[in-house]
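Novice: Below is the sequence, then the predicted model.
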Amino acid sequence: MDNPNFYLNTLLKNINLALEIDVPYINQIELKYLSKLRKLLHIIATETPFTPNVSKLAAAVETSRATIMNYLKYLKNAKLIQMLYSNGDEDQMKKPDRVYIQNTNLQYAIAPNNTENLNLRHTFFYNQVGYKHYLKSSPIADFCVNDRYHFMVGGRKLEASSEFYAASDVIEVGENNKIPLWLFGFLY
């Protein structure tokens, strides 16, 4: 309690533990490639949410496209990132539409400079709703839940329409198709 950085430091230690021990052991990765995996996670955290360009990521990490796709899968399995697909199919060889950090706490720990509100809102929504529901990218909104409900995620001024729901932050009570974002925290 005396140290305000205790939680973030502990979280960073656990991330390092997963990257240094769990991921290499489970996926049979040699330790000499650990720096590339760390670099990829850092790139994702500083740019999230983003549509990955696998060729650019491969060049930045200095590895092949196929290795980047494998590393993305390893990071997803380690619960460090989440990947959103347009058809919901999590095919290992298909590029995801969007990549997110697993949760907002990890975002603050890995890349505290990339904690803008929209990024945190999207990460929170994906983390809370995606835990028990099927999510994919939507052509008319940010997310499609269970192939039925389309959600735009944003701030107070976000307006809902008949085509989608609005998950709005900084409101206490919803109306019509506008739902307070904090309510989605009860789904986890």
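Specialist: Noted; the coordinates are in hand.
Novice: Extract the residue ranges of the protein that are flagged as low pLDDT.
Specialist: Low-confidence segments of the chain (pLDDT under 70): 1, 88-93.
Novice: What ranges does it have for its helices?
Specialist: Remark: helices assigned in the chain by DSSP state H are 6-17, 23-27, 34-47, 54-61, 65-77, 104-110, 117-129.
Novice: Dump those helices to JSON lines, plus mean neighbour count and distance to residue 149.
Specialist: From N, CA and C alone the C-beta is placed, and that goes for glycine too. Output for the helices of the chain, formatted as JSON lines (neighbours: other Cβ atoms under 10 Å; distance: least, Cβ to Cβ, whole Å):
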{"stretch": "helix 6-17", "mean neighbour count": "13", "distance to residue 149": "32"}
{"stretch": "helix 23-27", "mean neighbour count": "14", "distance to residue 149": "34"}
{"stretch": "helix 34-47", "mean neighbour count": "18", "distance to residue 149": "27"}
{"stretch": "helix 54-61", "mean neighbour count": "16", "distance to residue 149": "30"}
{"stretch": "helix 65-77", "mean neighbour count": "19", "distance to residue 149": "23"}
{"stretch": "helix 104-110", "mean neighbour count": "19", "distance to residue 149": "22"}
{"stretch": "helix 117-129", "mean neighbour count": "20", "distance to residue 149": "9"}
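Novice: JSON lines please, covering those helices and showing distance to residue 98.
Specialist: Listed next are those as JSON lines, based on distance: least, Cβ to Cβ, whole Å:
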{"stretch": "helix 6-17", "distance to residue 98": "21"}
{"stretch": "helix 23-27", "distance to residue 98": "22"}
{"stretch": "helix 34-47", "distance to residue 98": "11"}
{"stretch": "helix 54-61", "distance to residue 98": "13"}
{"stretch": "helix 65-77", "distance to residue 98": "12"}
{"stretch": "helix 104-110", "distance to residue 98": "14"}
{"stretch": "helix 117-129", "distance to residue 98": "8"}
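Novice: Compare these and report which one is nearest to residue 162.
Specialist: helix 117-129 (20.5 Å; Cβ to Cβ).
Novice: which residues are in contact with the closest one?
Specialist: 48-49, 82, 84, 100-104, 107, 135, 142-143, 145, 151, 153-155, 167, 169, 181, 184-185, 187-188 (Cβ atoms under 8 Å, 6 or more residues apart in numbering).
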